[in-house]
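# Just need the structure, nothing else, for what follows:
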Amino acid sequence: MSGKELGEKLGVSKSVIYSIRKDHGLDISRELAIQRRSDGRRKPITKKEIQYIHDHIGRDSIKKMAAALKRTSMLISAAAHEIGYTDLIKQNTADSLLKKGHVPPNKGRKQVDYMTPEQIERIKKTQFKKGHKPPNTLSPGEIVIRHDHPDRPGSHPYKYIGTAAGKSEPLHRFKWIEAYGEIPKSMNIVFKDGDSLNCSYRNLEMISSAELMKRNTIHNYPPEFKTTLKLISKINRKIKTS
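Numbering: from 1, shown residues only. Sure thing, here's the model as predicted:
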């Protein structure tokens, strides 16, 4: 069964199922997942399914019809286009979009004007309380290490510092702004020695996005080339500052 089917069976969302599968090592292999998707696409759409689309295309969304037929939305959409409902699908899509100047029905109204006391009481459980702070909120001056992509190999660690505004900022950017002022949008703060945890002022420099892209291509070269390119870059910096 797919994550969605398991979720429907157990009365939870598919994201909960995916999370449980990941935590307990129950994910299926990539090959099997691809095969299952391919099998679903190869199964030809039936006359009964075509009739279902004819009967529901005017009032149900593609997603709802796909769920009812246990098919992918892509397949149902393709079938609907093939049997002549392209214009209707385009019109339904246009009608579902919010028009310019749209005013939400609850704008300027209090909750009691459009919700029952039971509904208000029920949603209180999911509302943030006054003064609520996320669990990862840092106090001013507090420094922690976070990774840019924790779930991916090659993730880089960076230091973050809590600010007086209740936010957290990358420490290297915070230090640069503190010492030299705001950072232009087209510029980046990088580490001279390549150590993303070394936020010493002497180890920071500001370069353009074009220069950053050029430097990042160094990772495509063999180790001996990397060493040479780093030495050349270091010599160029010495020349510029001398």
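
# top helix in the protein by residue count?
helix 223-241 (DSSP state H).

# Would you map the helices across this structure?
3-10, 14-23, 30-42, 47-56, 62-69, 73-82, 86-96, 111-114, 117-123, 171-180, 209-216, 223-241.

# Now the second one: average pLDDT?
Averaged across helix 14-23, pLDDT comes to 83.

# if we look at stretch 143-150, which residues are touching it?
138, 155-162, 168, 171, 197 (CB atoms under 8 Å, 6 or more residues apart in numbering). In this view, the C-beta of every residue, glycine as well, is placed from N, C-alpha and C.

# Filter these down to the buried ones.
Buried members of these, scored by 16 or more other CB atoms under 10 Å, are 138, 158-162, 168, 171.

# so where's this structure uncertain?
Within the chain, the segments meeting pLDDT under 70 span 34-42, 152-154, 218-221, 240-242.

# okay, now the domains of it?
3-96, 143-241 (automatic domain parsing).

# and Asn203, how many neighbours?
16 (other CB atoms under 10 Å).

# quick one: the residue nearest the centre of the chain from Ser155, how far?
The centre of the chain sits closest to His149, judged by CA atoms, centre = their mean, with a distance of 11.4 Å. If you measure His149 against Ser155 using CB to CB, to the nearest Å, the figure is 4 Å.

# What of Gly166?
26 Å.

# just checking, Ile161 touches Gly141?
Yes - between Ile161 and Gly141 there is a contact at 6.8 Å, judged by CB atoms under 8 Å.

# if I read this right, Cys26 contacts Ile17, doesn't it?
Careful, residue 26 is Leu; it's not Cys. No - using CB under 8 Å, Leu26 is not in contact with Ile17, being 9.3 Å away.

# Name the residue in the two with the higher neighbour count.
With neighbours defined as other CB under 10 Å, Leu26 and Ile17 compare such that Ile17 has more, 21 against 10.

# nearest spatial neighbour of the more buried one, skipping sequence neighbours?
Distances taken as CB to CB, 6 or more residues apart in numbering place Gly3 nearest to Ile17, at 4.4 Å, with adjacent residues excluded.

# quick one, what contacts the one you found?
14, 17-18, 21.

# What separation do you get for it and Asp23?
For Gly3 relative to Asp23 (CB to CB), the value is 13 Å.

# Ok, Met187 next?
Taking CB to CB, one finds Met187 at 41 Å from Asp23.

# Also Pro150?
15 Å.

# Ok, Ala33 next?
Taking CB to CB, one finds Ala33 at 18 Å from Asp23.
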